[in-house]
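> only the shape, not the letters, is given here:
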């Protein structure tokens, strides 16, 4: 047997490959897969698309994008799924085109993929459930500050608000909210009249994520929507946008539902919008035994910024036994100017029962509190340091970079990792601002 042939047999038996080629029985080479995209056989094209997606090679995006108008539905659907695997913004034009595909499954897949690419998140399970839950996780849009969404995406999603499928209209509304689609606020406002309550609810949530206080005024009439799901989303959005003009309608709604669960939800919104006309109500509720109502009343009074309440609040803080209400007092006192009470809020971050609310309070207090927060990066509790790293990254002030950098050498690996992620986020955000 010739020496070369013998070498080939040995190599194949060992599963070795040759330069520029593939081993016997392995997948087709990259070049073969590209060639198979032009096959007259739809099954061959679909398989090639699938393998190119799994290749994670960016240079596959252009040839894959050419197939978004393939005559075979299964091929077009596989193209969108492959572009999802490749996760690159250069695939956006093709995905925007797929938002207008004649098949609803392809349109849905394109919406989910665009959200994953721009919001830098991974979905598990059904797209609709993913968009619904991911939209609810944060109160404002989820696009990182260093990411710019292509205008064609907003235009395509705005058109999708008129899709024949209510499911697609709902998902398009959620996606606009997640992706900071302020350019489509007018279309989202129109969607508030959609016959499908799920679409109206999604549009409400999107406006809550995108709008300003004035934009939220259009939501007030929907407090009387026939759908309870819509009404609950309106309550949340009004609170996020702090629509003070909703105060009278909310107060009426609260009085009609004082003893029901809905009453507590309405009170949550009243507490957030900081309507001075509700001060008397909050003052009444501070005297109640119900800890949830009391907590919300304390928060509401703190947001009204009436510093004349500071001394009384300090006494109430000392006497309060409920830990959640005490935390609310600490938040309110901090808002009213007594920064010493920030200590209670920050040191509650590691708590399983109070940590989430504590984080929300600090995020609400915002950049004004940063000088005081920096001091806690040296706290002896690693969980406090780690939580603050995440918060400082989320607040997004580049001034935090110098304070976070020493934590890259923190003895806690968790703190060092979170500091690193926060720094990367802040640096990318700063780089974007520098180019604008």
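Nice, I can see it. Treat the numbers as computed from the prediction; the structure is a model and nothing was measured. Residues are numbered from 1 along each chain as shown.
> now do the phi/psi pair for residue 141.
Dihedral pair for residue 141: phi -60, psi 160, per degrees, to the nearest 10.
> which helix in this structure has the most residues?
Assignment by DSSP state H gives helix 413-435 as the longest helix of the chain.
> packing partners for it?
helix 382-395, helix 401-404 (3 or more C-beta pairs under 8 Å, 6 or more residues apart in numbering; DSSP states H and E). Placement of C-beta: from N, CA and C, glycine included.
> for those helices, give me a markdown table that also has mean neighbour count.
Shown next, in a markdown table, are these (neighbours: other C-beta atoms under 10 Å):
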| stretch | mean neighbour count |
| --- | --- |
| helix 382-395 | 21 |
| helix 401-404 | 16 |
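> export the ones you listed as CSV, with columns for distance to residue 131 and mean pLDDT.
Below are the helices and strands packed on helix 413-435 laid out as CSV (distance: least, C-beta to C-beta, whole Å; pLDDT from 0 to 100):
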stretch, distance to residue 131, mean pLDDT
helix 382-395, 21, 96
helix 401-404, 32, 97
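> a markdown table for those, including distance to residue 154?
Output for those, formatted as a markdown table (distance: least, C-beta to C-beta, whole Å):
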| stretch | distance to residue 154 |
| --- | --- |
| helix 382-395 | 24 |
| helix 401-404 | 31 |
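> circling back: buried residues, the longest helix of the chain. List them.
Residues of helix 413-435 classed as buried: 415, 416, 418, 419, 420, 422, 423, 425, 426, 429, 430 (neighbour count, 16 or more other C-beta atoms under 10 Å).
> same check on stretch 274-281?
Under the neighbour-count criterion of 16+ other C-beta under 10 Å, stretch 274-281 has 274, 275, 278, 279, 281 buried.
> of these, just say which sits nearest to residue 404.
residue 274 (31.5 Å; C-beta to C-beta).
> show me where pLDDT drops low in this protein?
For the chain, applying pLDDT under 70 flags the ranges 1-27, 430-436.
> the residue nearest the centre of it: what's it in contact with?
By C-alpha atoms, centre = their mean, the chain has its centre lying nearest to residue 142, at 3.6 Å. By C-beta atoms under 8 Å, 6 or more residues apart in numbering, the residues touching residue 142 are 119, 121, 134, 178, 179, 180.
> got phi/psi on it?
Torsion angles, degrees, to the nearest 10, at residue 142: phi -110, psi 10.
> if I look at it, how far off is residue 396?
Applying C-beta to C-beta, to the nearest Å, one obtains 13 Å for the distance of residue 142 from residue 396.
> where do the strands sit along this protein?
For the chain, no strands turn up when DSSP state E is the criterion.
> let me see the contact set for the residue nearest to residue 163 when sequence neighbours are not counted.
Of all residues not flanking residue 163 in the chain, residue 169 sits nearest, at 5.1 Å (C-beta to C-beta, 6 or more residues apart in numbering). Residue 169 makes contacts with 160, 161, 162, 163, 191, 194, 196, 199, 202, as judged by C-beta under 8 Å, 6+ apart.
> neighbour-wise, which of those residues leads?
If you count neighbours using other C-beta atoms under 10 Å, the busiest of the contacts of residue 169 is residue 202, which has 30 neighbours.
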